[in-house]
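**Student:** What shape does this take:
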Amino acid sequence: MSNYEIVKTTQIDGDFEGFDDEVLFKLMDGSYWIQGQYKYWYYYAYCPKVKILQANGKFYLQIVGQREIVLIHPISNVIESQIDGEFNGWNGETVYALTNGQVWQQSTYQYDYTYSYRPDVFIYNAGGGYKIKVEGTTADIQRIK
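**Tutor:** Just a heads-up that it's a prediction; the model follows:
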């Protein structure tokens with residue numbers, strides 16, 4: 001860790017379920033960061049303390065007390081809302097209305113059943129199109145209204 005500078009120490013806002021591919025991290029300071037490289041590491045914690053590190057002009061995220069780090073990028077313009085009604089996961093062409101009046105449709109095939117009523121959603125552009133994160137699952141989407 002000697003070549004990393006600690007930029008800030010804060011906490012994840014909510015559940016942390018490790019690293020995967022393009023994971024969105026919402027921090028307690030209101031900032032959003034997206035995982036910038038594929039790295040799988042499962043570790044569950046609720047609102048864990050994290051360090052944002054910097055080295056060679058790049059940012060990294062580390063859970064305090066853990067050795068694993070991952071490349072991250074700041075991300076802005078994240079839409080936070082809720083599904084207006086039931087959420088039943090993804091079935092290929094799923095359409096969901098949000099409580100903010102927007103309507104989004106799944107744009108690539110993925111099947112994943114998860115049930116929840118009026119869950120929180122996060123919509124963001126990961127660089128290759130929009131993604132929606134609901135109940136720990138993510139899908140590619142496009143806005144239809």
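
**Student:** Look at the spatially most central residue of the chain and report its pLDDT.
**Tutor:** Ranked by distance to the mean C-alpha position of the chain (Cα atoms, centre = their mean), the top residue is residue 24 at 2.1 Å. According to the prediction, residue 24 has pLDDT 93.

**Student:** domains in this protein, as residue ranges please.
**Tutor:** Annotated domains of the chain cover 5-75, 79-143 [automatic domain parsing].

**Student:** what separates the longest one from the chain centre, distance-wise?
**Tutor:** With Cα atoms, centre = their mean, to the nearest Å as the basis, domain 5-75 stands 10 Å off its chain's centre.

**Student:** Ends of that domain, what's the gap?
**Tutor:** End-to-end distance of domain 5-75 (Cα to Cα, to the nearest Å): 20 Å.

**Student:** how close does residue 90 sit to residue 32?
**Tutor:** As for residue 90, its distance to residue 32 is 22 Å (criterion: Cβ to Cβ, to the nearest Å). In short, each C-beta sits where N, CA and C put it, glycine included.

**Student:** between the two, who's got more neighbours?
**Tutor:** Just comparing residue 90 and residue 32: by other Cβ atoms under 10 Å the higher neighbour count belongs to residue 90, 23 against 19.

**Student:** In the chain, what helix or strand scores lowest on average pLDDT?
**Tutor:** Using mean pLDDT, DSSP states H and E, the weakest-scoring helix or strand in the chain turns out to be strand 111-112, at a mean of 90.

**Student:** Show me what that strand is packed against.
**Tutor:** Packing contacts for strand 111-112, counted by 3 or more Cβ pairs under 8 Å, 6 or more residues apart in numbering; DSSP states H and E, involve strand 90-91.

**Student:** and the next helix or strand after the strand it packs on, how far out from the chain's middle?
**Tutor:** Next helix or strand after strand 90-91 toward the C-terminus (DSSP states H and E): strand 95-97. Its chain's C-alpha centre and that of strand 95-97 lie 19 Å apart, by Cα atoms, centre = their mean.
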